[in-house]
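S.K.: Predicted model follows, preceded by the sequence.
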Amino acid sequence: MTRVAVYPGSFDPVTKGHEDLIRRSLAFADQVIVAVAMNPGKPPLFTLEERVALLQEAVRDRAVSVRSFDGLLVEFARSVGAALIVRGLRAVSDFEYEFQMALMNRTLAPRLETVFLMPAFDLTYLSSSLVREVARFGGDVSALVHPAVQEALRKKFAR
Ligand code: PNS
């Protein structure tokens with residue numbers, strides 16, 4: 001039996017924290033589907049196509065695929081035969097939102113389990129929004145993102 005995990009998010013853009021969690025997920029999943037949400041709450045910096053392409057560039061592993069989805073996450077998970085949803089928990093501040101989301105997803109799809117993973121210690125305070133802010137003001141994000149993402153940020157803010 002192939003154990004499929006879905007790792008959903010906005011990935012605007014993918015960071016080394018996300019890459020770390022994808023790698024960790026492969027310890028218990030045979031296949032990880034990174035699911036890029038079409039409609040994050042706020043207008044994204046990168047288009048859906050750009051976010052998918054940057055993930056494909058940053059994560060090259062035969063056991064990992066990148067897809068976009070619209071609508072409910074549980075419906076997407078069902079459509080790809082996933083048994084698990086993977087989410088990262090960085091600090092206590094993440095907990096409330098993640099807990100609400102996990103319980104709502106469980107209400108909608110009782111057999112789908114949410115698994116929380118802790119990122120590597122040095123990536124704990126990393127987030128896409130911080131990366132965007134640092135890059136917007138010309139700061140060095142080379143330690144935080146894949147080189148392709150760094151270049152995409154440079155181009156985005158050069159305009
Ligand atoms: O990286 P993010 O922005 O924290 O990811 C949030 C995401 C995309 C995982 C979440 O908003 C989501 O699952 N959206 C899809 C719509 C949905 O299923 N909403 C109900 C979840 S309680």
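M.R.: Yep, it's here. Numbering: from 1, shown residues only.
S.K.: Look at Met100 and report its pLDDT.
M.R.: For residue 100 the amino acid is Gln, not Met. Gln100 carries a pLDDT score of 97 in this model.
S.K.: On the three-state scheme, it is what?
M.R.: Secondary structure assignment for Gln100 (DSSP: H, G, I helix; E, B strand; the rest coil): helix.
S.K.: how far away is it from Leu21?
M.R.: 20 Å (Cβ to Cβ, to the nearest Å). Just so you know, the C-beta spots here come from the backbone N, C-alpha and C atoms, and that holds for glycine as well.
S.K.: Format the CA atom coordinates belonging to the worst-scoring helix or strand of the chain on mean pLDDT as CSV.
M.R.: The weakest-scoring helix or strand in the chain, judged by mean pLDDT, DSSP states H and E, is helix 92-108 (a mean of 95). The C-alpha trace of helix 92-108 is given here as CSV (Å, rounded to 0.1, in the frame of the first residue of the first chain):
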residue,chain,number,x,y,z
VAL,A,92,3.1,28.3,20.0
SER,A,93,1.7,31.2,18.0
ASP,A,94,0.9,28.7,15.1
PHE,A,95,-1.0,26.4,17.4
GLU,A,96,-4.5,28.0,17.6
TYR,A,97,-4.9,28.4,13.9
GLU,A,98,-3.5,24.9,13.1
PHE,A,99,-5.6,23.3,15.8
GLN,A,100,-8.8,24.9,14.4
MET,A,101,-7.9,23.9,10.9
ALA,A,102,-7.1,20.3,11.8
LEU,A,103,-10.3,19.8,13.8
MET,A,104,-12.4,21.3,11.0
ASN,A,105,-10.7,19.0,8.5
ARG,A,106,-11.4,16.1,10.8
THR,A,107,-15.0,17.1,11.0
LEU,A,108,-15.2,17.2,7.2
